[in-house]
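> generate coordinates for the sequence data below:
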Amino acid sequence: MLVEINPQNPQPRLIKRVVEVLENGGVVAYPTDTLYGLGCDIHNKKALKRLHQIKGQPESKPFSFICPDLSDISRYALVTNYAYKTLKRLLPGPYTFVLTGSREVPNMMLTRRKTAGIRVPSHPIPLAIVQELGRPLASATATDPEGRELLHAWEIEELLGKQLDMVVDGGPVPGQSSSVISLVDDQPEVIREGAGPVDEFRT
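Sure, this is the predicted structure:
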């Protein structure tokens, strides 16, 4: 099901439709400030397992997830003073920050080191979704079976529509992955260089 939502001013009634799908264990595609993502409620194990199957990756490899704001991140991760200042300066934005997860994070969303990748994208649609849902949204890049990133909602609908419960069309996306930065133990490490500048984190 393809649903068009205004990327600047998401219509509340349409956001509620997306959230209803998520609350019923659905997996949806949605735009971000980097790429289109595939996601589900992080507290729904069945939905997470479906997302792993769609992505063709093992359950031992957790997804990152989207929070609506900085205060929400502190519920799901250990945020030191250094991390807080860094997050406050750079979020919302095209970054995924790796932090030590809190007890609020389901085990399926944690690495063996008990860390989690957390995003606050600078895009009204996913932020409206997580605010309405009241819980984080798992986030995996929308790709075709060969791993090519899908940058248009119609492509996702065409290639993955039968596996998804909804595709949110929010128009074009920039087409570059987020930069992934670990802030664990206040030791910044660039894991992936993407859309967000990373020079300040290089040692």
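
> the least confident helix or strand in the chain by mean pLDDT: which residues count as buried?
Across the helices and strands of the chain, mean pLDDT, DSSP states H and E gives its lowest value to helix 70-76, namely a mean of 93. Buried positions in helix 70-76, judged by neighbour count with 16 or more other C-beta atoms under 10 Å: D72, I73, S74, Y76. The way it works is simple: take the backbone N, C-alpha and C, and place the C-beta from them, glycine included.

> what ranges do the helices span in this structure?
Ranges of helices in the chain, per DSSP state H, are 12-23, 45-55, 70-76, 81-90, 124-133, 153-160.

> show the average pLDDT along the last one.
Across helix 153-160, the average pLDDT comes to 96.

> what do you get for the fourth one?
Taken as a whole, helix 81-90 carries a mean pLDDT of 97.

> chain center to that helix: distance?
Centre-to-centre, helix 81-90 and its host chain are 19 Å apart (C-alpha atoms, centre = their mean, to the nearest Å).

> tell me which of the buried residues of helix 70-76 is nearest to V19?
Using C-beta to C-beta, D72 comes nearest to V19 of those, at 15.8 Å.

> quick one: that closest one from V3, how far?
Counting by C-beta to C-beta, to the nearest Å, the gap from D72 to V3 is 25 Å.

> what's the answer for R113, then?
Taken as C-beta to C-beta, the span from R113 to V3 is 37 Å.

> which one's more surrounded, those two?
Set side by side, R113 and V3 show more neighbours around V3, with 18 against 11, by other C-beta atoms under 10 Å.

> quick one: pLDDT of the residue positioned nearest the centre of the chain?
Centroid-nearest residue in the chain: S139, 3.0 Å away (criterion: C-alpha atoms, centre = their mean). Looking at S139, its pLDDT reads 95.

> which residues touch the least confident helix or strand of the chain?
Residues outside helix 70-76 that contact it (C-beta atoms under 8 Å, 6 or more residues apart in numbering): 65, 67, 79, 84, 87-88, 91, 99, 101-102, 104-105, 116, 118, 120, 130, 136.
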